[in-house]
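# what's the 3D shape of this:
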Amino acid sequence: MKNGISSLVAKLIVILASCTFSLSAFAADNSGYSSMKKPNMFTSEYKPHVGLLAGSVMPENRDADNVTNIGLDIGYAPMKGNFTLGLEYGFSRVDKTIGSDSKEDVHTALLKAGYAFGGDTAFIKDSWVALGAGAVINKDDTFAVASPMVGFDIPVTNQDKEYVTLGASARYNFIENVGTTDNDTTTVNGAVKYWY
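Have a look, this model is predicted:
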């Protein structure tokens, strides 16, 4: 059952990312896009941000339980435009072996590159896609991980200078393994970010 849910979430991530790209292209072609268009407040001025993440990690292994994830997100736009760079750290505590009471700490560190859509189209303007690469570290081993992700950050305070956003993100973590997807996970997080 959990395997099916994780697979469904992974498919939804891909579908949402595809739809977001399509809608963004459609909006740009049909809204008289020009240099007069209002800039994207998130990335037009090299906006850096720091954020707190909280959510759930869903193991691909159907016998493993979902676990709580907390983390930190730091990023900025390295050039004027919609491209972003960032770092993401996540912490979770999982069963050392399936069905046991013994727990182990798992740390995930990602370097990520993304694209924030911007523009004027509702919801799309606050959405982004990214690709992360890094490592999953536990007490005994370190594994490489690649993570396609999609998310949104909606402003909840005035955007004139510094502001706060509330959002969410989902990512599928392809964790290094040999001939199995048992190590792979899906992570869904809520996010509070401060932009300055």
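# ok, Val50 - contacts?
Applying Cβ atoms under 8 Å, 6 or more residues apart in numbering, we find Val50 in contact with Leu72, Asp73, Ile74, Lys193, Tyr194. From N, CA and C alone the C-beta is placed, and that goes for glycine too.
# hmm, 6 Å instead?
Remark: with contacts taken as Cβ atoms under 6 Å, 6 or more residues apart in numbering, Val50 is in contact with Ile74, Tyr194.
# for the record, mean pLDDT for the host helix or strand of it?
Following DSSP states H and E, one finds Val50 within strand 49-59. This predicted structure assigns strand 49-59 an average pLDDT of 93.
# cool, and stretch 91-99?
Along stretch 91-99, the predicted confidence averages to a pLDDT of 71.
# Next SSE downstream of the strand holding Val50?
Under the assignment DSSP H and E, the closest C-terminal helix or strand after strand 49-59 is strand 67-76.
# and the residue nearest to Leu166 when sequence neighbours are not counted, backbone torsions?
Setting aside the residues directly before and after it, Leu166 is nearest to Val156 in space (Cβ to Cβ, 6 or more residues apart in numbering), at 5.4 Å. Phi and psi for Val156, reported as degrees, to the nearest 10, are phi -120, psi 0.
# and Val156, how far is that from Trp128?
Taking Cβ to Cβ, to the nearest Å as the measure, Val156 falls 17 Å from Trp128.
# got it, and Phe91?
Applying Cβ to Cβ to Phe91 and Trp128 gives a distance of 23 Å.
# More neighbours: which of these two?
Neighbour count, other Cβ atoms under 10 Å: between Phe91 and Trp128, Trp128 has more, with 23 against 15.
# and the closest residue to the more buried one other than its chain neighbours, how many neighbours does it have?
Closest residue in space to Trp128, ignoring its immediate chain neighbours: Ala116 at 4.4 Å, by Cβ to Cβ, 6+ apart. Residue neighbour count, defined by other Cβ under 10 Å, stands at 26 for Ala116.
# swap in Ala122?
With other Cβ under 10 Å as criterion, Ala122 counts 8.
# Buried ones in stretch 189-196, by neighbour count?
Residues of stretch 189-196 classed as buried: Asn189, Ala191, Val192, Lys193, Trp195 (neighbour count, 16 or more other Cβ atoms under 10 Å).
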